[in-house]
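Colleague: Quick one: sequence and predicted model below, then my questions.
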Amino acid sequence: MKNQLVADTLYMIADLLDLKGDAFFKTRAYRIAAQTIEALDEDIERLVNQGTLESIPGIGEALAKKITELVKTGKLDYLERLKKEVPTGLIDLLGIPGLGPKKVAALYKKFGITSIQALREAASTGGLRTLEGFGEITERNILRGIQLLEKTSGRVLLNVAYEDGTRYLNYMKRCKKITKIEIAGSLRRMKETIGDLDILASSTDPEAVMDFFIQYPEVAEVLAKGSTKSSVLLNDNLQVDFRVVEEKSYGAALQYFTGSKDHNVTLRGLAARKGFKLNEYGLFDKTTEKYIVGKTEEEIYKKLGFAYIEPELRENRGELEAAKKKTLPNLVGYEQINGDFHVHSTWSDGSDAIETIASAAQHRGYEFIGITDHSQSLKIANGMTEERVQKKLDEINKVNKKFPDLRIFSGTECDIKTDGTLDYSDKILEQFDFVYIGIHTGFKMDKETMTKRIIRGMENGQANFMAHPTGRLIGKRDPYEVDIEQIIDIAKQTDTRLEINSFPDRLDLDDAHAKLAKEHGVRFVLGTDSHSINHLEFMRFGIATARRGWLTKKDILNTSSVKDIEKIVGG
DNA sequence: GCCGTTTTCGGCCCGACTGTTTTCAGTCG
Ligand SMILES: Nc1nc2c(ncn2[C@H]2C[C@H](O)[C@@H](COP(=O)(O)OP(=O)(O)OP(=O)(O)O)O2)c(=O)[nH]1
Ligand SMILES: [Mg+2]
Ligand SMILES: [Mg+2]
Ligand SMILES: [Zn+2]
């Protein structure tokens, strides 16, 4: 797929045009198109060949022409000419916090600075202050910005941000001046990675609350501090943005601060067309400026003609249209999960015994737990030989008797070998209550071979669930090459449920693929892939991913009763 | 550059904090 290449090229053009000082709305159009293409399920090459690029919102005649040239020739004349005008090194400088296109362009025009190294030298020798709009403090801030850029690690996994956020919130709740407080931003939307934490509070004494906010012991640096808004950097380099408003604005502020940005921009645009003004202080009459509502999110969406939209859906992926038509799905709830299908025990590479896992599962209020150890060829993970399988089944029977209120399902995470056959004979597979199949070795295959391999696995007849269907590890490993649309079709045909693996660095299927699969009639299971009982809590991130994929209770087997699950597996 | 049940031209979300400025531009949320 060339989608990412096309998107990256459009982002680059947008940056270069910004640096050139081109019209803001033009560069925004490039970014919107880039974003749309990045999120596209379809192969852009197909659209190019069909000549249907312009059917994509945000792509018109001019962009379609450029994209077509890029996809067909691998080059884009327009970009080559731009690069001659604007050095691409300037794009790196845009990554420095506090520096935008105007300042970077000024630095280039006046001093010929095109690299971070050159900028650092100029700033540290006091060489920038002669430039209009630049002073001593600007020089210091630039040096600090370069340091921040170099040490900051980018985005963090959802669970890391979740823990940081929970700790900060617990600290803030000790502030007596706060009447309401909660997490907003991408963490409230439960996105798979988080760029920074966003926290909202209401108070009649914002200054006192701001002081309390920056007193948090984990704060390494205060980046900005005002009466309604402050930002800090934590010791672990995560940034935290904090806003304080009055209670009558709390709902409007929560709506604003939860985002996403695209959702907000679209919603505000629609509000304006109806004669309103929407900002973080409330919904106002555009002409009289009169406050209409703002205390709760619900009343804002309602006044604008929308059903309430759950935070996980606010990505401008069609939720506003659905909310208008009142066709939003009733999302699966965080409390509706009765158990976990994917847990490793000491029989393979898990660190806890089956009985320990059972006890932890019961403690979580689960009605069932599925023990899924690795299959025989996965020796590196202590995969189980067929003889050991028998012993493990015996143990599960015994432990089941000790836990009358918990059903322990005997499962397996059976490897799909490179030729698409499964790692156990049918005779063995039949003895498990359920069978997960998955790819664990031989990731580097061409798309067609990998797709055939997985399809053969699903068509085996013994497979119930497909584990982590794309094999990605967020920030560490790209998904293997696979035709996900074909996998989805065959999953539907063979009644193989696709997993939403809930381990934070997997979240696989991801939200967008889950949505796509659901639209094709596929059903799902959630599994944490726990290798220790401490991982069982990752279930919430799998549920979040399911919600972000517009899934409902009935899409997910884990919400069923043990009796109903037994009709499908383990029967 | 895109887009259209008020428009094919003229809009395109709206506001806080900072530094350098004497009234605001730039950057960021
Ligand atoms: N209306 C409006 N709201 C914005 C804009 N930029 C950000 N916001 C709102 C929506 C965002 O979710 C929220 C927090 O901003 P962040 O930059 O932290 O983004 P977010 O948390 O969504 O993603 P992140 O994981 O932090 O990158 O502020 C904007 O340009 N306009
Ligand atoms: Mg954020
Ligand atoms: Mg933020
Ligand atoms: Zn596993």
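Modeller: Yep, it's here. Being a predicted model, the structure only gives us computed values, none of them experimental. Ligands and ions are numbered 1, 2, ... in the order given.

Colleague: Next up, the contacts around the residue of the stretch 251-400 of chain A found nearest ligand 1.
Modeller: Proximity to ligand 1, evaluated over the stretch 251-400 of chain A using Cβ to the nearest ligand atom, is greatest for A:Gly259 at 2.0 Å. (Glycine included, C-beta is placed from N, CA and C.) With contacts taken as Cβ atoms under 8 Å, 6 or more residues apart in numbering, A:Gly259 has the following neighbours: A:Ala184, A:Gly185, A:Ser186, A:Arg189, A:Arg314.

Colleague: same check, this time on A:Glu221
Modeller: When contacts are counted by Cβ under 8 Å, 6+ apart, A:Glu221 is found next to A:Val232, A:Leu233.

Colleague: what do you get if the cut-off is 6 Å, keeping everything else the same?
Modeller: Contact analysis of A:Glu221 by Cβ atoms under 6 Å, 6 or more residues apart in numbering lists A:Leu233.

Colleague: Next: the one 10 residues further on.
Modeller: Going by Cβ under 6 Å, 6+ apart, A:Ser231 touches A:Leu223, A:Ala224, A:Asp241.

Colleague: Give me the nearest residue to A:Phe306, chain neighbours excluded.
Modeller: What sits nearest to A:Phe306 in space, not counting adjacent residues and going by Cβ to Cβ, 6 or more residues apart in numbering, is A:Ala323, at 4.0 Å.

Colleague: give me the element the one you found is part of.
Modeller: Assigned by DSSP states H and E, A:Ala323 belongs to helix A:319-324.

Colleague: which other helices and strands contact the following helix or strand past that helix?
Modeller: Later in the chain than helix A:319-324, the nearest helix or strand by DSSP H and E is strand A:339-343. When contacts are defined as 3 or more Cβ pairs under 6 Å, 6 or more residues apart in numbering; DSSP states H and E, strand A:339-343 sits against strand A:368-374, strand A:524-527.

Colleague: ranges for the strands of the stretch 251-400 of chain A?
Modeller: Using DSSP state E, counting those that start in this stretch, the strands assigned to the stretch 251-400 of chain A run over residues A:276-279, A:282-285, A:291-293, A:339-343, A:368-374.

Colleague: could you give me the average pLDDT of the longest one?
Modeller: Pointing back at strand A:368-374 there. With pLDDT averaged residue by residue, strand A:368-374 scores 97.

Colleague: With just CA atoms, put that strand into CSV.
Modeller: Taking only C-alpha atoms (Å, rounded to 0.1, in the frame of the first residue of the first chain), the coordinates of strand A:368-374 have been written out as CSV:
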residue,chain,number,x,y,z
PHE,A,368,-15.2,-17.6,33.2
ILE,A,369,-11.5,-17.6,32.2
GLY,A,370,-9.8,-19.2,29.2
ILE,A,371,-6.4,-20.7,29.6
THR,A,372,-4.5,-20.5,26.4
ASP,A,373,-1.0,-21.8,26.3
HIS,A,374,1.2,-21.9,23.3
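
Colleague: quick one: contacts for the spatially most central residue of chain A?
Modeller: Centrality entry for chain A: nearest residue to the mean C-alpha point is A:Glu192, 2.6 Å, by Cα atoms, centre = their mean. Contact partners of A:Glu192, counting by Cβ under 6 Å, 6+ apart, are A:Leu158, A:Leu507.

Colleague: Just checking the distance from stretch A:75-90 to the centre of its chain.
Modeller: Distance, stretch centre to chain centre, for stretch A:75-90: 32 Å (Cα atoms, centre = their mean, to the nearest Å).

Colleague: what helix or strand is A:Ile500 on?
Modeller: Taking DSSP H and E as the criterion, A:Ile500 maps to strand A:497-501.

Colleague: Off-centre distance for that strand?
Modeller: The chain centroid and the centroid of strand A:497-501 are separated by 16 Å under Cα atoms, centre = their mean.

Colleague: same question, stretch A:542-559
Modeller: Distance of stretch A:542-559 from the chain centroid (Cα atoms, centre = their mean) equals 15 Å.

Colleague: got the residue ranges for the helices in the stretch 101-250 of chain A?
Modeller: Shown for the stretch 101-250 of chain A, the helices assigned by DSSP state H, counting those that start in this stretch span residues A:101-111, A:116-124, A:136-151, A:158-172, A:185-188, A:206-214, A:250-258.

Colleague: In contact with A:Asp18: list those residues for me.
Modeller: Under the criterion of Cβ under 6 Å, 6+ apart, the contact list for A:Asp18 reads A:Thr27, A:Pro101.

Colleague: need the residues of chain A near ligand 3, please.
Modeller: Contacts of chain A with ligand 3, taken as Cβ under 5 Å from the ion, map to A:Asp196, A:Asp198, A:Asp241.

Colleague: same thing but 6 Å
Modeller: Residues of chain A found near ligand 3, taking Cβ under 6 Å from the ion as the criterion, are A:Gly185, A:Asp196, A:Asp198, A:Asp241.

Colleague: Report whether the longest strand seen in chain A contacts ligand 4.
Modeller: Taking residue count as the measure and DSSP state E as the definition, the longest strand of chain A comes out as strand A:407-415. Yes. Residues of strand A:407-415 contacting ligand 4 under Cβ under 6 Å from the ion: A:Glu413.

Colleague: after that strand, next one along is what?
Modeller: Using DSSP H and E, the helix or strand that directly follows strand A:407-415 along the chain is helix A:426-429.

Colleague: Quick check: what element follows that following helix along the chain?
Modeller: Following helix A:426-429 in sequence order, the next helix or strand is strand A:434-438 (DSSP H and E).

Colleague: Paired strands for that following strand, with orientation please.
Modeller: Each strand pairing with strand A:434-438, determined using DSSP bridges, is listed with its direction: strand A:407-415 (parallel), strand A:465-466 (parallel).
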